[in-house]
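S.K.: Sequence and predicted model, in that order:
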Amino acid sequence: MNEKPTLTSTVKALLYLLPALIILGVFNIYPIIKSFLMSLYTDYDYFNDVVNEYGFDNFVYIFQDPEFWLSMKNTIIFVIGVVPISIAISLAIAILLNAKIKFKGLFRTIYFIPFVTSVVAISIVWRWIFHTDYGLLNYFLGLFGVSPIEWLTDPTWAMPSLIILSIWKGLGYNIVIFLAGLQNINKQYYLAAQIDGASSWRRFLHITVPLLSSTTFFISIVSIINSFKVFDEVFALFDGKPGPAYSAQTVVYYIFENFYNNWEFGIASAAAYVLFIVIFIFTLIQLYIGKRKVTY
Amino acid sequence: MPKAALSKGFIYVILILGSILMLLPFIWMLSTSLKSSGEVMMMPPVWIPSDIKWENYATAWEMAPFARYTVNSIVVTILSTLGELITTILAAYAFSRISFYGRDVVFAVLLGTMMVPGEVLLIPNFVTLSNLGWIDRYEALIIPWTASIFSIFLLRQFFLGIPKELSYAAKVDGCNNFRFLWTIMVPLAKPALITIALLKAIGSWNAFLWPLIVTQSKEMRTLPVGLTSFSTEAGTVYELLMAASTMIILPMIVLYLILQKYIIEGVARSGIKG
């Protein structure tokens, strides 16, 4: 690699890169630019592919569309509902799994299974679990005297249902990453602290938490980005609808609806870009906080 | 040490309870898929059906063209995984072993585009594919997914770890670059390649939004898309829905149980490298 680039080596490299670059160029890089331009189409003839006018109308439309704001609100509620709980539970389980116990591999295997299965298929299973009259969940709650909850048909419960399903689905991934992080912590720290008489809670607070902060940081960024893009779960859980009374309409659902059902490419593109910007801002904020709080 | 034993017992209780919660939906799915329609609606729930109805699977299989969906899913999964492996190996080799003009810029641009969510690409890609006349064809389901920046990045890191002396030695022995890549580098990178292939195969098998958008006819649907339309058509016939869900989930669970070491390692690695 220390050799200087030459014309020959550049041509050779290009040949190796060509297949990847063609695919990525056509289906990744070009659409990023195209999508941005599309979000600026205000007068567009799709059938003849002629753009008569550019402008910010699509963005203006989105920001005045109550449905978009509802979608954004729902998405943010979803992110806030899923990410912290999922991180807390998966950290707790990872710490338990990291203890000297038997069947470690078996437990890890079990927790990871939901992650490899189809979101759509498993969401349909959960739809049955959430069933008001014949669902498993209401049956168990009934044992404790809780009267049946209309999980999927009552607008106030639709979002909690979606959050429960998503936390369940994503735990395994977070647990595996946390376990990898925990295994990187030098055991000597714990021994030293134990000699100094630190309780297990204090060891957790003063060794595990700070030394795991880069892992937690990574998981929170990935989880927030992924949660902002939730779609499959919504579609399958509510049978192709965005929940009762739009209570589970997320931003990606809004994009899908405008693109697929309304053929409003400009509006859908603009919404996709707004989503991107929101995710980007969240990531920047996290990076900023991370810089100050994460111990490496 | 009674205190330690107690806390260990506590750990097991929590882990076992958690495992039950993780597995319950699958057990419920399996159990419901074998029930008669009467038992599906029974309260308290029946866990072991009194009369095991294997025919639910046959009925579900015949009610929708699941055979066709399965073939589509298999074709799409295999071809997009193979395609991605080829483009990734070639590109990762160039980025890790060849010094060329603009290498760092190209690499940086590619990494930068990883930040853009896939949803932004959805619409222009749909337009491109409809201009190419590929909508509702295998091309649309496969070709856009045959290259991944993330995989190239992962494999490049792995290739960088392979000592360069090896390629010098091969060169002295008269082995050209291309042969060296396929006969030496690729076998050495097997763990990374298996990881890439498995994560891709899982993702491809489970993909939903894209196949939903680019397929129109029944014949081109993949399993997840077929399942949602089946669920709308079958309505509340839950034993059939659960049978269909089981058929879709099972292959990936079996694959996972066989190759879990690689999958879990791959996920853990991708997390650390972040």
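M.R.: Here it is on my side, so go on.
S.K.: For residue A:42, the count of nearby residues, please.
M.R.: 16 (other CB atoms under 10 Å in any protein chain shown). C-beta: built from backbone N, CA, C; applies to glycine.
S.K.: How about residue A:288?
M.R.: 10.
S.K.: did I read that right, it in a strand?
M.R.: No: applying DSSP: H, G, I helix; E, B strand; the rest coil, one finds residue A:288 to be helix, outside a strand.
S.K.: per the record, what domains does chain A have?
M.R.: Residue ranges for the domains of chain A, per the TED database: A:7-54, A:63-291.
S.K.: got those domains as a markdown table, with mean pLDDT and distance to residue B:170 columns?
M.R.: Converted to a markdown table, the domains of chain A look like this (pLDDT from 0 to 100; distance: least, CB to CB, whole Å):
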| stretch | mean pLDDT | distance to residue B:170 |
| --- | --- | --- |
| domain A:7-54 | 88 | 16 |
| domain A:63-291 | 91 | 34 |
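S.K.: Which one, of those domains, ends up nearest to residue B:44?
M.R.: Evaluated over those, closeness to residue B:44 peaks at domain A:63-291, with 6.3 Å, by CB to CB.
S.K.: how long is the closest one end to end?
M.R.: By CA to CA, to the nearest Å, the extent of domain A:63-291 from end to end equals 32 Å.
S.K.: tell me the most buried of the domains of chain A?
M.R.: Scoring the domains of chain A by mean neighbour count under mean count of other CB atoms under 10 Å in any protein chain shown gives domain A:63-291 as the most buried, with a mean of 18.
S.K.: Centre of the chain to it, how far?
M.R.: Remark: domain A:63-291 is offset 7 Å from the chain centroid, using CA atoms, centre = their mean, to the nearest Å.
S.K.: try stretch B:69-76
M.R.: Worked out by CA atoms, centre = their mean, stretch B:69-76 lies 13 Å from the chain centre.
S.K.: which outside residues touch it?
M.R.: B:138, B:141-142, B:204-205, B:211, B:220-223, B:225-226, B:247 (CB atoms under 8 Å, 6 or more residues apart in numbering or on different chains).
S.K.: Just among these, which is most surrounded?
M.R.: Counting by other CB under 10 Å, top hit in the contacts of stretch B:69-76: residue B:223 with 30 neighbours.
S.K.: Skipping adjacent residues, who's closest to residue A:283 in space?
M.R.: Excluding its sequence neighbours, the residue lying closest to residue A:283 (CB to CB, 6 or more residues apart in numbering or on different chains) is residue A:221, at 6.1 Å.
S.K.: Please tell me how far that neighbour sits from residue B:182.
M.R.: Distance, residue A:221 to residue B:182, by CB to CB, to the nearest Å: 36 Å.
S.K.: Tell me how many other residues crowd the closest residue to residue A:30 other than its chain neighbours.
M.R.: The shortest distance from residue A:30 to any non-neighbouring residue, by CB to CB, 6+ apart, is to residue B:124 (7.0 Å). Residue B:124 has 23 neighbours, counted by other CB under 10 Å.
S.K.: Secondary structure element holding residue B:124?
M.R.: helix B:118-132 (DSSP states H and E).
S.K.: what element comes up after that helix heading to the C-terminus?
M.R.: helix B:138-142.
S.K.: re earlier: redo the contacts of stretch B:69-76 as a markdown table? Include pLDDT.
M.R.: Listed next are those as a markdown table, based on pLDDT from 0 to 100:
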| residue | pLDDT |
| --- | --- |
| B:138 | 95 |
| B:141 | 96 |
| B:142 | 96 |
| B:204 | 95 |
| B:205 | 95 |
| B:211 | 95 |
| B:220 | 94 |
| B:221 | 95 |
| B:222 | 96 |
| B:223 | 95 |
| B:225 | 94 |
| B:226 | 94 |
| B:247 | 93 |
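S.K.: Can you name the residues of the stretch 151-274 of chain B that neighbour chain A?
M.R.: Counting by CB under 8 Å from any CB of the partner chain, the residues of the stretch 151-274 of chain B lying close to chain A are B:152, B:164, B:177, B:202, B:205-206, B:208-209, B:212-213, B:223-224, B:227-228, B:231-232, B:238, B:241-242, B:244-245, B:248-249, B:252-253, B:255-257, B:260, B:263-264, B:267-269, B:271-272, B:274.
S.K.: Next step: these restricted to helices.
M.R.: Counting by DSSP state H, the part of those found in helices is B:152, B:177, B:202, B:205-206, B:209, B:212-213, B:223-224, B:227-228, B:231-232, B:238, B:241-242, B:244-245, B:248-249, B:252-253, B:255-257, B:260, B:263-264, B:267-269, B:271-272.
S.K.: which of those count as buried?
M.R.: B:152, B:177, B:202, B:205-206, B:209, B:212-213, B:223-224, B:227-228, B:231, B:238, B:241-242, B:244-245, B:248-249, B:252, B:255-256, B:260, B:263-264, B:267-269, B:271 (16 or more other CB atoms under 10 Å in any protein chain shown).
S.K.: hey, which helix is longest across chain A?
M.R.: If you go by DSSP H, chain A has its longest helix at helix A:66-98.
S.K.: Show me what that one is packed up against.
M.R.: When contacts are defined as 3 or more CB pairs under 8 Å, 6 or more residues apart in numbering or on different chains; DSSP states H and E, helix A:66-98 sits against helix A:104-116, helix A:155-183, helix A:213-228, helix A:251-256, helix B:2-33.
S.K.: what helices or strands is the helix or strand hosting residue A:127 leaning on?
M.R.: Per DSSP H and E: residue A:127 is located in helix A:119-129. Here helix A:119-129 touches helix A:136-143, helix A:155-183, helix A:232-237, helix B:2-33, helix B:223-234, helix B:238-273, going by 3+ CB pairs under 8 Å, 6+ apart.
S.K.: Go again with 10 Å.
M.R.: Using 3 or more CB pairs under 10 Å, 6 or more residues apart in numbering or on different chains; DSSP states H and E, the elements in contact with helix A:119-129 are helix A:136-143, helix A:155-183, helix A:232-237, helix B:2-33, helix B:190-206, helix B:223-234, helix B:238-273.
S.K.: In JSON lines: those helices, plus distance to residue A:119.
M.R.: As requested, these are exported to JSON lines (distance: least, CB to CB, whole Å):
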{"stretch": "helix A:136-143", "distance to residue A:119": "19"}
{"stretch": "helix A:155-183", "distance to residue A:119": "7"}
{"stretch": "helix A:232-237", "distance to residue A:119": "4"}
{"stretch": "helix B:2-33", "distance to residue A:119": "12"}
{"stretch": "helix B:190-206", "distance to residue A:119": "6"}
{"stretch": "helix B:223-234", "distance to residue A:119": "8"}
{"stretch": "helix B:238-273", "distance to residue A:119": "10"}
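S.K.: Please name whichever of those is nearest to residue A:61.
M.R.: Closest to residue A:61 of the helices and strands packed on helix A:119-129 is helix A:232-237 (CB to CB; 22.7 Å).
S.K.: is the closest one up against chain B anywhere?
M.R.: Yes: against chain B, helix A:232-237 shows contacts by CB under 10 Å from any CB of the partner chain at A:232-233, A:235-236.
S.K.: Which pair of the residues you listed spans the longest distance?
M.R.: Farthest-apart pair in the residues of helix A:232-237 next to chain B is A:233 and A:235; separation 7.4 Å (CB to CB).
S.K.: Which neighbours do the two have in common?
M.R.: By CB atoms under 10 Å, 6 or more residues apart in numbering or on different chains, residue A:233 and residue A:235 have these common neighbours: A:119-120, A:123, A:248, A:250, B:208.
S.K.: which one of the residues you listed is nearest residue B:38?
M.R.: Residue B:38 has its nearest neighbour among those in residue A:123, at 25.4 Å by CB to CB.
S.K.: Which residue comes closest to the closest one once chain neighbours are left out?
M.R.: Spatially, and ignoring its direct neighbours in sequence, residue A:123 is nearest to residue A:236 (3.4 Å; CB to CB, 6+ apart).
S.K.: Just confirm that neighbour contacts residue B:229, I think it does.
M.R.: No: contact criterion CB atoms under 10 Å: residue A:236 and residue B:229 do not qualify, at 11.4 Å.
S.K.: Just give me the residue right at the centre of chain A.
M.R.: Computing the C-alpha centroid of chain A and ranking residues by CA atoms, centre = their mean puts residue A:226 first, at 1.7 Å.
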